[in-house]
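[1] here is the input, now give the coordinates:
(one chain, ligands or ions: 3)
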Amino acid sequence: MSIAELPRTDRTADTVHSDTAHPDQAHQSDGHSAPIARGTAAPEGIAGLTGLDGLRAWVAGIADLTQPESIVWCDGTPGEEDRLTKLLVAEGKLIRLNPEWRPNSFLARTDPGDVARVEDRTFICSLDEQDAGPTNNWREPEAMRAELRDVFAGSMRGRTMYVVPFSMGPVGGPISQVGVELTDSAYVAVSMVKMTRVTSAVLDLIDAGQPWVPTVHSVGAPLIDDAGVRHDDVSWPCNETKYIVQFPETREVWSYGSGYGGNAILAKKAFALRIASAMARDEGWLAEHMLLIKVTSPEGRAFHFAAAFPSACGKTNLAMLRPTIPGWTVETIGDDIAWLRQGPDGRLRAINPEAGFFGVAPGTGELTNKTAVETLWGNTIFTNVALRDDGDVWWEGLTEEPPAHLIDWEGNDWTPASGRPAAHPNSRFTVSAAQCPSIADDWDAFDGVPIDAILFGGRRATNVPLVAQARDWKHGVFIGATVSSEKTAAAEGTVGELRRDPFAMLPFCGYNMADYWGHWLEVGEQLGENAPAVFQVNWFRKGDDGRFLWPGFGENSRVIEWIARRVEGTADAVSTPIGCLPQAEQLDLDGLDLAEADVAELFEVDRDSWLAECDLTEEYFEQFGTRVPAALRAELASLRYQLRA
Ligand SMILES: Nc1nc2c(ncn2[C@@H]2O[C@H](COP(=O)(O)OP(=O)(O)OP(=O)(O)O)[C@@H](O)[C@H]2O)c(=O)[nH]1
Ligand SMILES: O=C([O-])CC(=O)C(=O)O
Ligand SMILES: [Mn+2]
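    Ligands and ions are numbered 1, 2, ... in the order given. Prediction:
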């Protein structure tokens, strides 16, 4: 057996261990207090918790607080995953899919109230409110710690607490970081194994003194109540009250009440973006909501692009793009998060810190994203998709014709006449990156890949052209800072509402957004001549009749080609106030059935609506006061000047 089962025998978390456990895990913990009980938000991070002793003390402290029935240390081995998924099936928390169609794959159905990220329950608890900024929910750290102490007290009673040590990025790599998630959800533990590098090698790094990020997760549904009475479990335990809390100074995460991936797989949005963005600010690098691809031209030249699009705006699809134009290939490096740092050669280098994909199911089909469909052949956890009568899964867009009968994501009978989606719009798949047929050979390169271009995108029915190139880095930062996009089902709220989502980081920036823009400007200065080219793209512009003007998906390769040619210096552009656009004949539209009027509209820059957009930008900047970098105000002034010319 590869897991150390460590049942608690009393409140000091005495442990027994299996003979295959990491040698140091066998050490009996001594019930030191956890960081939550330190009573101070002093920015010493986990300085007091270095080494394995520090880790054990922290685990014991959290166990004291949350009172789990047993503690299991995870090491990410296949045997462990098998054991956990079998347990989840036995508990009715996962449905095993028909192995004939989908080997070693499972379906989870969440509570209908726990289907997406909860942005209004996501908190940045910096010491100074101004450091969280107006776009984050701020709470005073001490007050939040007191509140968390209350909600986490006894929250794991009757459950197992999993200790999940993980590396973001290749273990020991120069851009990588390590962390540990404590969770009372086996679904989350298994998801972490697919999404990150869970291995006992992380414990060796911690043992050697490497700093690590502590993260705590509880579904907030103890099985034993205050009177000591045991209750039956449910298939998706969660709590109506939710907290997703980041302490950027002490680099800690606390998540309570939700089992949904974006709220509970804490290595992902909470650590790799909210905490990591604050680390990156302090240390001179970038933690971004970006996909990473390697693009190879017919002549064999390789380019690497990073692209930031808001949630459910096409990152996974672009990361797995199948070019429709001859001679070009696109390979996948990452689909959601990138960490970027200037390398010894002066260039900006990027890694994908994750090791799996937590992708949107609806809209993923043979015609739109065949690579994803192939990636999902087996070893996949599906959440909130529909179940077919033959024991396989289905979602809107997987096939053109829906099956005649399904069980929908809420467990009810469904037919095409039901008049509601069979899969939840934010239903997801969780699968390891290694299974992706388009994964690049160097996707897990120790020191990352050199970035040639950065793309910013959003979901805009109007105004924003198919593609435009920023004049320089500063203009690029202005474009990134002012992106607006229609809201999607990836977060609770009104779908379709237009909102500013700077750098696609609105829900993920762990500090003041205006300071973040300033940080980007500084990184640009540091990169100088080596700074990547910056572009804006929009696959989602619509005609008056409401249909998409651009076919998107594989056809986006035509835009990728133009971008690569711009980087290479072999494609021309026309200068407009908002940036450099391709002339129609410079973009390869061969074989596309596009009306001339539609092409014209795709590239239209309407001066009046852009001037109106400038007014909104000025208004938007106001909330950040004097923290808005002067360079961005200058960009706004220059844009207005050119639009009025
Ligand atoms: N019309 C159109 N739709 C697209 C295009 N690319 C992606 N989509 C759709 O947009 C939705 C979200 O796409 P994803 O690629 O999963 O988005 P994402 O940015 O990875 O989303 P997160 O995982 O939430 O960060 C899916 O329903 C896609 O089918 C495109 O080029 N055109
Ligand atoms: O975090 C999540 O729930 C999924 C995701 O990638 C996003 O919303 O950007
Ligand atoms: Mn995402």
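
[2] flag every residue of the stretch 251-400 of the chain that's near ligand 3.
    When proximity is defined as CB under 5 Å from the ion, the stretch 251-400 of the chain approaches ligand 3 at 311, 336. All C-beta spots, glycine's among them, are computed from the backbone N, C-alpha and C.

[3] same check, this time on the chain
    Counting by CB under 5 Å from the ion, the chain sits next to ligand 3 at 311, 336.

[4] which bits of the chain sit near ligand 2?
    117, 261, 262, 269, 311, 336, 358, 490 (CB under 6 Å from any ligand atom).

[5] from these, which single one is nearest residue 179?
    residue 269 (13.1 Å; CB to CB).

[6] let me see the contact set for the closest one.
    Residues in contact with residue 269 (CB atoms under 8 Å, 6 or more residues apart in numbering) are 117, 262, 507, 508.

[7] cutoff 6 Å now
    Applying CB atoms under 6 Å, 6 or more residues apart in numbering to residue 269 gives the contacts 262, 508.

[8] now do the SS call for it.
    Put simply, residue 269 is helix when judged by DSSP: H, G, I helix; E, B strand; the rest coil.

[9] that one and residue 493, how far apart?
    Using CB to CB, to the nearest Å, one gets 16 Å for the distance from residue 269 to residue 493.

[10] repeat for residue 295
    In terms of CB to CB, residue 295 sits 34 Å off from residue 493.

[11] okay, the two: which has more neighbours?
    residue 295 (23 against 16; other CB atoms under 10 Å).

[12] once you drop chain neighbours, what's closest to residue 611?
    residue 643 (5.2 Å; CB to CB, 6 or more residues apart in numbering).

[13] is that neighbour in contact with residue 577, as I believe?
    Yes: with contact taken as CB atoms under 6 Å, residue 643 and residue 577 are classed as touching, separated by 4.8 Å.

[14] average model confidence for the helix or strand hosting residue 456?
    Assigning secondary structure by DSSP states H and E places residue 456 in strand 453-457. Across strand 453-457, the average pLDDT comes to 98.

[15] one more: stretch 389-403?
    98.

[16] going forward, begin numbering at 29 instead of 1
    From this message on, residue numbering opens at 29, which makes the last subject stretch 417-431.

[17] which parts of that stretch are buried?
    Of all the residues in stretch 417-431, those buried under the rule 16 or more other CB atoms under 10 Å are 419, 420, 421, 422, 423, 424, 425, 426, 430, 431.

[18] in the stretch 129-278 of the chain, what residue is nearest ligand 3?
    Of all residues in the stretch 129-278 of the chain, residue 145 sits closest to ligand 3, at 9.3 Å by CB to the ion.

[19] with adjacent residues omitted, what lies nearest to residue 655?
    residue 542 (3.8 Å).

[20] what is the neighbour count of that neighbour?
    So residue 542, with other CB under 10 Å, has 23 neighbours.

[21] again with the one 3 residues further on
    By other CB under 10 Å, 25 other residues sit near residue 545.

[22] likewise for residue 90?
    Applying other CB under 10 Å, I find that residue 90 has 27 neighbouring residues.

[23] got phi/psi on residue 240?
    phi -140, psi 160 (degrees, to the nearest 10).

[24] an error on my part: the question was meant for residue 359.
    phi -120, psi 150.

[25] not counting sequence-adjacent ones, nearest residue to it?
    Nearest to residue 359 is residue 468, by CB to CB, 6+ apart, at 3.7 Å.

[26] for the one you found, list the residues it contacts.
    322, 359, 361.

[27] so is stretch 341-354 next to ligand 1?
    Yes: applying CB under 6 Å from any ligand atom, one finds stretch 341-354 touching ligand 1 at 341, 342, 343, 344, 345.

[28] and the chain, which residues reach ligand 1?
    So the chain meets ligand 1 at 337, 339-345, 363-364, 387-388, 390-391, 396, 518, 567-568, 576, 580-581, 584 (CB under 6 Å from any ligand atom).

[29] quick one: the helices in the stretch 279-428 of the chain?
    289-292, 304-311, 343-347, 398-403 (DSSP state H, counting those that start in this stretch).

[30] columns mean neighbour count and distance to residue 239 on top of these, output as CSV?
    Putting the helices of the stretch 279-428 of the chain into CSV (neighbours: other CB atoms under 10 Å; distance: least, CB to CB, whole Å) gives the following:
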stretch, mean neighbour count, distance to residue 239
helix 289-292, 25, 23
helix 304-311, 20, 10
helix 343-347, 26, 29
helix 398-403, 20, 33
